[in-house]
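**Q** Quick check, what structure comes out for this input:
(chains A and B)
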Amino acid sequence: MNVIEAENLSKTFRVKQKEKGMKGSLKAILHPRTESVQAVDRISFTVKEGEMLAFIGPNGAGKSTTIKMLTGILYPDGGAVEVLGINPAKRRKQLAYKIGTVFGQKEQLWTHLTPYDNFRFFGAIYDLSDKEAETRIQELSDIFELDAFINTPVRNLSLGQRIRCELVASLIHKPQVLFLDEPTIGLDPVVKENIRSLIKQMNRELHTTIFLTSHDIGDIEKLCKRIIIVNNGRLVLDDSMEHLKYHYLNKKIVELKLQEDAPLPSTEGITILKRKGSHAKLEIDTSVIKINDALHHIDAEHVEDINISNIPLENIIMEIYKSEGRELAVL
Amino acid sequence: MRKYVVIYRSVLIENLQYAGNVAMGFISYFIIIFIFIHLWDYMYASPDSLIAGYTKEQMIWYVMITEMIWFGTRSNTITRQVSADIRGGNIAYLMNKPYHYTLYILARYTGEWSIRLPMYAALSTLIGLTMVGGLASFRLVTFLAALPCLLLGVTIHALFKLCISLLSFWVEDANPFQWLYDKMILVIGTIFPIEIFPDALQPLFKLTPIYTVCYGPAKLLIDFSMDKYLEVLSAQIIYLAAGCGMMFFIYGKGAKKLYVNGG
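**A** Residues are numbered from 1 along each chain as shown, chains lettered A, B, ... in the order given. All right, here's what the predicted structure looks like:
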């Protein structure tokens, strides 16, 4: 069952333009000029119930605008969108009861109140009875291990503790879909890992559909099974992580420590990325030459050390951003 | 409705921590009242004379009550905060909750003045009783009857201020409009009662919200009459309905053209 259905979703903004300097400012008063910016351009996709989806793209790609249209904050200019069978623009309030949002860069908690008071507050906002709210707080407090600081004012919590509380606040009403916009921003690696495992657990135990936006490749790689990439307002890629890796991880990086002046292989499928003294970095295209054959071209007698690795997912995504899906025709 | 009561209660809890800060504003209030006490002392030739139908005590108590409303209800929440939310895009993170943004702001604002206004009321009573003396016409029953008018006046004031702030959906800066509205309220309804102004202007003033915000409640508290009570209350009900209608209309139109920067 699809929980999100977007078809040809579009949004254009009118952005004010002003020429430089005082003259430009005066001119802008007399003759205001605006320019149209196509923030989202006919994007179509669906999300299934219980899915964990990464919705990524570079800054200004249209990710946040899309999320805001999916949550009913912005009105689309064109296309159609339904979240849990509800048109967000027309019935935003009704939809709010069924979805949750966490914006890593924005606090929704009241900082002078304790997490417990905040949860009671959000419980009331979502029309939970006192008993329901209490049960839910206890349940989520156990999952997210909040007992140690549930009665400490939010302003005194660490960032990691606050994000955990933000997640709980957004889950208090048992949302079916959770929109996470950079939930791990600014967190240290240990806390990031902790938040990721909690999100996984939440998806597994509460069957919450996760719609994740993040610039952190670790979030995407460790949480999501499917990835949608947008750039310049257009959908560039919609694929499973497995498929993406299979098609894009056909390049291996070979790092070598050689004896001085040792020759490097020069054959099709092997690209020398860097050579500095005894260190060399090669890229092997396994669709052209097998890794085994490529290694035969390297003179083993001169090799002191060797390391073979995949191209980081980050580089693959950067490549996709740059190419804007031209390679998609290949897939 | 329960959710707005919870918002109100949460702001109340939050603001109780800053009750001490409110006392800092007492200094400005005291200076203004001190000046007006001496000004009206000078203006009234004899203790029994009347100006625009007000005795000296009534005139000073009038200013104290309107200034109390002014100081006790001022807040950035319905003015700069709303404008900043709209212009900066923060409104996006408040709109996606199952409440109406404008009612959320009003509940917050009410939570703020619920602490400040009683504190200023206590100070006004203290200054009034020690420096001016009690009002001969004061009756507890009429005071209690006028109290809802005071609360309605504050709510109408908030509605109009909020409507002006919501203009930020269209204009870069709504503060000049706020300034204009504030000055009208301050000069016409706060510092001087409407009766001070020329007869020709008075009916005009009675048609404005100014009549219902400061003048009406203050007049009833210092010189209660049933005719005036019904007149003020009717005007307040009309303005409350008009203010609510205007607020929902402006917000509904503005939210549809909301432009939120990314991030």
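
**Q** From here on, just use CA atoms for contacts and neighbour counts.
**A** Will do.

**Q** tally of neighbours for the nearest residue to B:Phe143 once chain neighbours are set aside?
**A** Excluding the flanking residues, the one nearest B:Phe143 by Cα to Cα, 6 or more residues apart in numbering or on different chains is B:Leu221, at 5.8 Å. B:Leu221 has 27 neighbouring residues, counting by other Cα atoms under 10 Å in any protein chain shown.

**Q** likewise the one 4 residues further on?
**A** When neighbours are counted by other Cα under 10 Å, B:Ser225 registers 13.

**Q** Can you give me the distance of it to B:Ala146?
**A** Distance of B:Ser225 to B:Ala146, given as Cα to Cα, to the nearest Å: 10 Å.

**Q** same check, this time on B:Leu220
**A** 6 Å.

**Q** what touches both of those two?
**A** Both B:Leu220 and B:Ala146 are in contact with B:Tyr229, where contact means Cα atoms under 8 Å, 6 or more residues apart in numbering or on different chains.

**Q** What segments of the stretch 151-300 of chain A are helices?
**A** A:159-171, A:189-206, A:217-223, A:241-248, A:291-296 (DSSP state H, counting those that start in this stretch).

**Q** Relative to the next helix or strand after the last one, what are the paired strands and their orientations?
**A** By that I understand helix A:291-296. Next along the chain after helix A:291-296, taking DSSP states H and E as the criterion, comes strand A:303-310. Next to strand A:303-310 in the sheet, as set by DSSP bridges, lie strand A:251-258 (antiparallel).

**Q** show me the contacts for A:Asp216.
**A** Here A:Asp216 is in contact with A:Glu182, A:Thr184, A:Ile185 (Cα under 8 Å, 6+ apart).

**Q** got a list of what the first one touches?
**A** Listed by Cα under 8 Å, 6+ apart, the contact partners of A:Glu182 are A:Phe103, A:Gly104, A:Gln105, A:Leu212, A:Thr213, A:Ser214, A:His215, A:Asp216.

**Q** circling back: relative to the whole chain's centre, how far out is the one helix or strand the residue nearest to B:Phe143 maps to?
**A** Of the helices and strands defined by DSSP H and E, B:Leu221 is found in helix B:216-222. Computed by Cα atoms, centre = their mean, to the nearest Å, the chain-centroid distance of helix B:216-222 equals 13 Å.

**Q** Would you mind writing the ChimeraX command to select the buried ones in the contacts of A:Glu182?
**A** Buried residues among the contacts of A:Glu182 (16 or more other Cα atoms under 10 Å in any protein chain shown), as a ChimeraX selection:
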select /A:103,104,212,213,214,215
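
**Q** so which of the contacts of A:Glu182 comes closest to A:Val83?
**A** A:Leu212 (15.2 Å; Cα to Cα).

**Q** Excluding sequence neighbours, find me the nearest residue to B:Met184.
**A** With sequence-adjacent residues excluded and distances taken as Cα to Cα, 6+ apart, B:Met184 is closest to B:Ile210, at 7.7 Å.

**Q** ok, that neighbour to chain A distance?
**A** Plainly put, B:Ile210 is 33 Å away from chain A if you go by Cα to the nearest Cα, to the nearest Å.

**Q** burial of B:Glu112, as a residue count?
**A** 24.

**Q** Tell me if the helix or strand hosting it is near chain A.
**A** Using DSSP H and E, B:Glu112 maps to helix B:101-127. No - using Cα under 8 Å from any Cα of the partner chain, helix B:101-127 stays clear of chain A, coming no nearer than 10.4 Å.

**Q** residue ranges of the helices in chain B, please?
**A** Along chain B, counting by DSSP state H, helices occupy B:2-16, B:19-22, B:25-43, B:56-73, B:80-88, B:91-95, B:101-127, B:140-166, B:175-184, B:202-206, B:210, B:216-222, B:226-256.

**Q** what does the shortest one contact?
**A** By that I understand helix B:210. Counting by Cα under 8 Å, 6+ apart, B:Met184, B:Ile185, B:Ile188, B:Gly189 sit against helix B:210.

**Q** one more time with 6 Å
**A** Outside helix B:210, the residues that touch it by Cα atoms under 6 Å, 6 or more residues apart in numbering or on different chains are B:Ile185, B:Gly189.

**Q** quick one: average confidence on it?
**A** Mean pLDDT, helix B:210: 80.

**Q** from the chain's centre, how far out does that helix sit?
**A** Computed by Cα atoms, centre = their mean, the separation of helix B:210 from the middle of its chain amounts to 9 Å.

**Q** what does stretch B:178-198 give?
**A** Counting by Cα atoms, centre = their mean, stretch B:178-198 is centred 12 Å from the centre of its parent chain.

**Q** Could you do stretch B:166-186 as well?
**A** Mean-position distance between stretch B:166-186 and its chain equals 15 Å (Cα atoms, centre = their mean).

**Q** Would you mind naming what in chain A lies close to chain B?
**A** A:Ser64, A:Ile73, A:Lys93, A:Ala96, A:His112, A:Ala124, A:Ile125 (Cα under 6 Å from any Cα of the partner chain).

**Q** who wins for most neighbours among the residues you listed?
**A** The most neighbours of any of the residues of chain A next to chain B, using other Cα under 10 Å, belong to A:Ile73, which has 25 neighbours.

**Q** Residue numbers of the stretch 51-200 of chain B in contact with chain A?
**A** B:Ala92, B:Lys97, B:Pro98.

**Q** Could you report the pLDDT at the residue nearest to the second one when sequence neighbours are not counted?
**A** Sequence neighbours aside, A:Ala96 is the residue nearest to B:Lys97 in space, at 5.5 Å (criterion: Cα to Cα, 6+ apart). According to the predicted model, the pLDDT of A:Ala96 comes to 92.

**Q** Wait, A:Ala96 touches B:Tyr99, no?
**A** No - applying Cα atoms under 6 Å as the test, A:Ala96 and B:Tyr99 come out as separate, 9.0 Å apart.

**Q** and residue 97, how many neighbours does it have?
**A** I went with chain A, as the question did not name one. Using other Cα under 10 Å, A:Tyr97 has 18 neighbouring residues.

**Q** Not quite, go with chain B.
**A** By other Cα under 10 Å, the residues close to B:Lys97 number 22.

**Q** and if you look at A:Asp130?
**A** A:Asp130, neighbours per other Cα under 10 Å, totals 12.

**Q** ok, now how distant is it from A:Ala96?
**A** Here A:Asp130 is placed at a distance of 20 Å from A:Ala96 (Cα to Cα).

**Q** same thing with A:Ile308?
**A** Counting by Cα to Cα, the gap from A:Ile308 to A:Ala96 is 49 Å.

**Q** And A:Leu180, by the same measure?
**A** Applying Cα to Cα to A:Leu180 and A:Ala96 gives a distance of 15 Å.

**Q** again, but for B:Gly72
**A** 35 Å.

**Q** Look at stretch A:47-67 and report the distance between its end residues.
**A** OK, stretch A:47-67 end separation, Cα to Cα: 13 Å.

**Q** in it, what's buried?
**A** Residues of stretch A:47-67 classed as buried: A:47, A:49-58, A:60-67 (neighbour count, 16+ other Cα under 10 Å).

**Q** Over to stretch B:165-172?
**A** B:Ser165, B:Leu166, B:Leu167, B:Ser168, B:Phe169.

**Q** list the contacts for the third one?
**A** Translated: B:Leu167. B:Leu167 neighbours (Cα under 6 Å, 6+ apart): none.

**Q** Check the fourth one too.
**A** With contact set as Cα under 6 Å, 6+ apart, B:Ser168 has these partners: B:Ser83, B:Ala174.

**Q** Against chain A, how distant is it?
**A** B:Ser168 sits 15 Å away from chain A, going by Cα to the nearest Cα.

**Q** go on, B:Ala23?
**A** Distance from B:Ala23 to chain A, by Cα to the nearest Cα: 20 Å.

**Q** circling back to that earlier point, determine which stretch of the helices of the stretch 151-300 of chain A is the most buried.
**A** helix A:159-171 (a mean of 23; mean count of other Cα atoms under 10 Å in any protein chain shown).

**Q** starting at the chain centroid, how far to that helix?
**A** That offset, for helix A:159-171, works out to 18 Å (Cα atoms, centre = their mean).
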